[in-house]
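Peer 1: Generate coordinates for the sequence data below:
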Amino acid sequence: MALDQTMLSPRQRYLPGILGGLGPLAHVEFERTVLARSHARGARGDQDHPVWLLASASSTPGRTRALLAGGESPAAHLLHYARLLEAAGADALFVACNTAHAFFDEVQRGLGIPWVHLMDLTAGAVRASHPAGTRIGVLATDGTLRAGLYRRALEGRGLVPVAPEPDGPVQAEVRAATEDPVYGIKATGAEVSPEARARLAAAARWCVEHGARAVILGCTEVSVGLTARDFTAAPLVDPMVLAADALLDLAAGVREPAALYRRAPG
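Peer 2: All right, here's what the predicted structure looks like:
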């Protein structure tokens with residue numbers, strides 16, 4: 001049963017859907033970001049914030065494992081939960097996982113609503129504030145890097161990506177910060193350990209040392225674990241903030257759902 005549109009917040013026009021649980025803090029931090037950005041736009045009470053739908057799809061197979069180690073594809077899970085959100089009335093889909101966008105084309109073909117593409121959204125925002133040829137750092141999972149998700153989006157706008165080699169020591173710092181079973185952000189769930197923050201800051205410094213004028217936090221766990229308080233050598237670009245603004249624009253009717261489509265081939 002789809003949501004009754006009369007149940008939306010007073011000034012709301014469209015209903016966003018969030019697909020989260022990819023890892024455990026991803027959608028929690030994304031929703032906190034949406035609420036903070038909504039407050040900055042003037043929300044002062046419950047009904048001032050938009051209604052959205054959430055599916056915490058924690059059962060979804062690992063995205064990086066599927067891309068790099070022959071693990072089960074997450075596409076069926078992503079499509080299943082995306083269709084649940086669509087059937088419930090969502091007008092657009094926000095997926096709180098960067099690496100999941102490697103399966104964008106397959107999933108978008110099965111949907112009648114747009115999946116808002118984080119890499120396109122982020123690269124467009126970076127290009128709007130930096131001239132062509134600017135070097136932009138990218139901190140992301142091994143899967144996101146090997147799939148070239150940010151590389152293609154940045155290069156398509158004339159920007160130069162600066163990212164650690166997937167098999168190198170700098171990327172090992174990012175991997176440990178997000179995946180270590182003791183202090184990694186995916187493991188701890190509730191809070192970010194000092195070890196994880198320090199490793200992410202070191203990787204961001206490497207990007208700046210290699211010419212980056214800004215650093216994209218291209219993994220939701222990196223968005224959680226590295227903030228401007230931890231790193232001041234260059235601006236940090238958080239795709240989750242950009243997606244939160246897009247979600248609020250959609251809810252208010254500032255952006256139409258049709259304008260958010262990135263059509264999948266075929």
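Peer 1: elements contacting the least confident helix or strand in the chain by mean pLDDT?
Peer 2: When each helix and strand of the chain is scored by mean pLDDT, DSSP states H and E, helix 185-188 comes last, with a mean of 78. Counting contacts by 3 or more C-beta pairs under 8 Å, 6 or more residues apart in numbering; DSSP states H and E, helix 185-188 packs against helix 169-179, helix 220-225. Just so you know, the C-beta spots here come from the backbone N, C-alpha and C atoms, and that holds for glycine as well.
Peer 1: Pick the most buried one from the ones you listed.
Peer 2: Mean neighbour count (mean count of other C-beta atoms under 10 Å) peaks for helix 220-225 among these, with a mean of 28.
Peer 1: Can you tell me the SS state at the residue of the chain most remote from its centre?
Peer 2: For the chain, the largest distance from the centre (C-alpha atoms, centre = their mean) belongs to residue 6, which lies 29.6 Å off. What DSSP: H, G, I helix; E, B strand; the rest coil gives for residue 6 is helix.
Peer 1: between the helices and strands packed on helix 185-188, which one is nearest to residue 41?
Peer 2: Residue 41 lies closest to helix 220-225 among these, at 20.2 Å (C-beta to C-beta).
Peer 1: what does that closest one rub up against?
Peer 2: 22-23, 25-26, 29-30, 96-98, 139-140, 174, 177-178, 184-186, 192, 196-197, 200, 217, 238-240 (C-beta atoms under 8 Å, 6 or more residues apart in numbering).
Peer 1: which of the residues you listed are buried?
Peer 2: 22-23, 25-26, 29-30, 96-98, 139-140, 174, 177-178, 184-186, 192, 196-197, 200, 217, 238-240 (16 or more other C-beta atoms under 10 Å).
Peer 1: domain parsing for the chain?
Peer 2: Under the assignment automatic domain parsing, the domains of the chain span 5-117+241-260, 119-239.
Peer 1: Could you tell me the end-to-end distance of the longest one?
Peer 2: Taking C-alpha to C-alpha, to the nearest Å, the first and last residues of domain 5-117+241-260 lie 20 Å apart.
Peer 1: Over to the shortest one?
Peer 2: Domain 119-239 has an end-to-end distance of 8 Å (C-alpha to C-alpha).
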